[in-house]
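# how would this look folded up:
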Amino acid sequence: MNKTLIIIFTLFALSVLAQNNPTREAQPIVAEGKLLYKSEMASWYGTDLFLENYKNRQNIGGYFSYTENDTPKCIFFSKSDNPKVIGTISFDNTYNLKTAKIDLEERAFSNYENDIYQIRKLALAEIISDTALFKQYENSNLNLIPLIDGKNKKVYVLTGPKQNGVVLFGNDYLLTFDKNNKLMQKKQLHKNLIPINYGGKDKEGKPFVSEEAMHSHLPETGDFITATDICTLMLYERFAKWKTHNVVSKKYLNIWNCETNELSVIPMETIKEIQKDQEKNKAQEPK
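Okay, here's the model as predicted:
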């Protein structure tokens, strides 16, 4: 870690108990990003397990994932006007395929599952109809992640890569619904698609690993890292072998620790003060 980052983390540690602590303020975003990650991991591995064990492919209408009592679940439903659950794959927090529970008993949706199904269905219809807002890029998929937390009903839409060696940030969306599953708002979070390549080779043909990466936020995206950024980082950081990922906005430097999955947020005013001190110290060094 370079000296600048050491100074930044020192200042951050000294300000942890401050009244206006942006790191503390961003914790709900971190929590939501981790919920999105749990859902996507359940979908990734749940799909593989279900297709290995369920042979009637013509009866599969789709799937969605959610977390219940800290247990990530992937639910598959039938292809009909009144779908039923035809498979439930449950994981612990390790997502170990050997310890996952596979239940292929057909049953009705719970009330909670029905709400998730309904808002996901409505979100998919919006994506299909509103092509001006929802953009689809070559070699990528739009992944829908429904999330119901208390009274909040949301569907996040992430852009996932179809090819290895690239992480895609941006081209993500948020749709919010009321208690009756009526669409209230839809918006784009990042205005652009931000691809970051990893796993390349140097001039000598040896594997090249960059320990950190970054992207920036326009004012309309917001000053903090987004829940979709956190989800994407947790999904791909182990493949990219990053140690940190920085999100730079006008107001803050958001530092995501890829090894501990923790966020530190440093005001840009602090960064500027550090830079001024460094320039002053450099000017005073004997020549």
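# could you measure the nearest residue to D70 once chain neighbours are set aside against A240, distance?
Nearest residue to D70, sequence neighbours excluded (CB to CB, 6 or more residues apart in numbering): N93, at 7.4 Å. C-beta here means a position set from N, CA and C on the backbone, and glycine is covered the same way. Applying CB to CB, to the nearest Å, the value for N93 to A240 is 21 Å.
# for K276, same thing?
From K276 to A240 the distance is 33 Å (CB to CB).
# if you count surrounding residues, which of those two has more?
A240 (22 against 10; other CB atoms under 10 Å).
# my read: the more buried one touches E211, true?
No - using CB atoms under 8 Å, A240 is not in contact with E211; the gap is 9.6 Å.
# which residues sit in contact with the residue nearest to A26 when sequence neighbours are not counted?
In this structure, A26 finds its nearest non-sequential neighbour in F224, 4.9 Å apart by CB to CB, 6+ apart. The neighbours of F224, taking CB atoms under 8 Å, 6 or more residues apart in numbering as the test, are P22, E25, A26, I29, V247, S249, Y252, N254, V265.
# all helices for the stretch 1-150 of the chain, in order.
3-14, 22-25, 27-53, 111-129 (DSSP state H, counting those that start in this stretch).
# which among those is found nearest to D70?
Nearest of the helices of the stretch 1-150 of the chain to D70, taken as CB to CB: helix 27-53 at 8.7 Å.
# now do the strands in the stretch 101-250 of the chain.
When assigned using DSSP state E, counting those that start in this stretch, the strands of the stretch 101-250 of the chain occupy the ranges 101-103, 140-149, 152-161, 166-170, 173-177, 183-188, 193-197, 212-216, 244-248.
# and the helices of the stretch 1-150 of the chain, which is most packed in?
helix 27-53 (a mean of 18; mean count of other CB atoms under 10 Å).
# quick one: that one to helix 111-129, angle?
90 degrees (axes from the mean of the first three to the mean of the last three CA atoms, to 10 degrees).
# distance from helix 27-53 to the middle of the chain?
Relative to its chain's centre, helix 27-53 lies at 10 Å (CA atoms, centre = their mean, to the nearest Å).
# please name every helix or strand in contact with that helix.
With contacts defined as 3 or more CB pairs under 8 Å, 6 or more residues apart in numbering; DSSP states H and E, helix 27-53 has these neighbours: strand 60-68, strand 71-78, strand 85-90, strand 101-103, strand 140-149, strand 152-161, helix 227-240, strand 262-267.
# can I get the helices of the stretch 1-150 of the chain in JSON lines including distance to G150 and mean pLDDT?
Shown next, in JSON lines, are these (distance: least, CB to CB, whole Å; pLDDT from 0 to 100):
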{"stretch": "helix 3-14", "distance to G150": "31", "mean pLDDT": "51"}
{"stretch": "helix 22-25", "distance to G150": "20", "mean pLDDT": "95"}
{"stretch": "helix 27-53", "distance to G150": "12", "mean pLDDT": "96"}
{"stretch": "helix 111-129", "distance to G150": "12", "mean pLDDT": "97"}
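# state the distance from N152 to H217.
23 Å.
# again with S80
43 Å.
# swap in V265?
According to CB to CB, V265 stands 12 Å off from H217.
# for C74, same thing?
31 Å.
# one step back: in the contacts of F224, find the pair that's most separated.
E25 and V247 (14.7 Å).
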